[in-house]
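[1] What follows is a predicted protein model with its sequence.
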Amino acid sequence: MEAIRALRRRGLLASAWPWRSLAYLVTGSIPGTLVLTVVAAVLVVGGTLASVLIGLPMLAALAFAGVPVAAFERWRLRLMGAEPVAGPHRAPDRPGVGGWLATRVREAATWRELGFTVLFATVLWPLDLAVAAAGVALPVTLLTAWLPVLSGGR
C-alpha cells in the first residue's frame, strides 16, 4: 500500500525510492553472473577431478555456497530501506572449522540458502537485469520520442 501512495505523490523521481529500487535490481545482476560463473566452474572442475578424489572437497564446499550469497542478499535488502535482517544461523557448538561445518550441515537455513543461491544464479539475476533494462529503456524511449519530429521526421 505504501508503494501505491509513493507512486501518486509529486516528485517521485526526485525521491530516493525509484533510484534505490534500480540500485537493488542492478546489484542483483552483476553478482548473479559472478555466482553463476563460480558455481559452474566449481561444478565442472570438481566433477572432473572427482574421479581422482581431489574434486570431492570442492563439490562438498558447494553446499556452503549459499552462506555468503544469502548474507549479500540480506545486505542488498537494506537498499530498499528495509530493516536489517538478522542471519538465521546459530553460533557453532564447538570452536574451529569442524564445529562450524557440523553446525551448518545440521541447520535448515544452510539448505534454504543453497536453494536460494541456485535460484539466484539461474533465474533471479536475469530477471533483475530484464526489469532494470526495461525500467530504464522504456522511459528513455518515451522521453526521446519527440526527437525525430524535430529532425523533420527522417
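    Nice, I can see it.
[2] For G81, what are phi and psi?
    phi 90, psi 10 (degrees, to the nearest 10).
[3] I'd guessed it sits against R20; true?
    Yes. Look at G81 against R20 with C-beta atoms under 8 Å: they come within range, at 6.5 Å. No exception for glycine: its C-beta is placed from N, CA and C like everyone else's.
[4] Backbone dihedrals for G96, please?
    Note on G96: backbone dihedrals following degrees, to the nearest 10 are phi 100, psi 180.
[5] and it, what pLDDT?
    Here the pLDDT value assigned to G96 is 88.
[6] could you measure it against T103, distance?
    From G96 across to T103, the span is 11 Å (C-beta to C-beta, to the nearest Å).
[7] contacting residues for V69?
    Under the criterion of C-beta atoms under 8 Å, 6 or more residues apart in numbering, the neighbours of V69 are V35, E113, F116, T117, F120.
[8] repeat for A134
    A134 makes no contacts at all, as judged by C-beta under 8 Å, 6+ apart.
[9] do R90 as well
    Contacts of R90 (C-beta under 8 Å, 6+ apart): T103, E107.
[10] quick one: secondary structure of it?
    The three-state assignment at R90 reads coil, by DSSP: H, G, I helix; E, B strand; the rest coil.
[11] If anything else comes up later, I'll come back, but that's it for now.
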